[in-house]
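Q: with the sequence up front, the predicted model follows.
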Amino acid sequence: MKVFRLFALALIALSAPVAAQEGCEPVPVEWAGWSASTAMTGDLEPGTRSEMVLAPAGSLKLAAAPGKEAVTGMYVGVAWFNVETAGKVRIALDQGAWIDLVKDGAAVSSTGHGHGPKCSGIRKIVDFELAPGRYGIQIVNAPKDRIGVMALLP
């Protein structure tokens, strides 16, 4: 009987990843660029997931006062991009962190918050309605010194 219980537990443990995969959601076509990450070497390239290098909180001058105070032991960073056409811009991250969108030294209010599809690796999505111009994605309180980030433009 003991051997049977061990065998049953082993089968359950082996089937757990399969069950988790069955609950996955398809990634919408607009997020197709999320599947591969590139190192960020300058401005953020919209439609492409980039790996942004962050700095320890307190060691980097931010583009604006953050909406959440930076916590010691966490990481911060700013990446810039241009918006050519007015409309909804969506910012995605692969881990939990605070996102401010900054224009001319002031934070822009978000219009929506959510999560990516299950199993996609998109942890957080924040929406903004933006006019054309230059914007900074300001990351505050990331738990790691690198973060995957992607911007979808109108």
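A: Sure, I can see it.
Q: what about residue 30, how many residues close to it?
A: Residue neighbour count, defined by other C-beta atoms under 10 Å, stands at 10 for residue 30. C-beta: built from backbone N, CA, C; applies to glycine.
Q: what's the pLDDT at the closest residue to it other than its chain neighbours?
A: Setting aside the residues directly before and after it, residue 30 is nearest to residue 152 in space (C-beta to C-beta, 6 or more residues apart in numbering), at 5.8 Å. On the pLDDT scale, residue 152 is placed at 96.
Q: list the contacts of residue 152.
A: Under the criterion of C-beta atoms under 8 Å, 6 or more residues apart in numbering, the contact partners of residue 152 comprise 30, 31, 46, 47, 89, 90, 92.
Q: and it, how close does it get to residue 112?
A: Here the distance between residue 152 and residue 112 works out to 13 Å (C-beta to C-beta, to the nearest Å).
Q: and what of residue 72?
A: Here the criterion is C-beta to C-beta. By it, residue 72 lies 30 Å from residue 112.
Q: now swap in residue 146 and tell me
A: Remark: distance between residue 146 and residue 112 (C-beta to C-beta) = 26 Å.
Q: follow-up on the earlier one: redo the contacts of residue 152 as a markdown table? Include distance to residue 77 and secondary structure.
A: Formatted as a markdown table, the contacts of residue 152 follow (distance: C-beta to C-beta, whole Å; DSSP: H, G, I helix; E, B strand; the rest coil):
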| residue | distance to residue 77 | secondary structure |
| --- | --- | --- |
| 30 | 24 | helix |
| 31 | 22 | helix |
| 46 | 17 | coil |
| 47 | 20 | coil |
| 89 | 18 | strand |
| 90 | 19 | strand |
| 92 | 15 | strand |
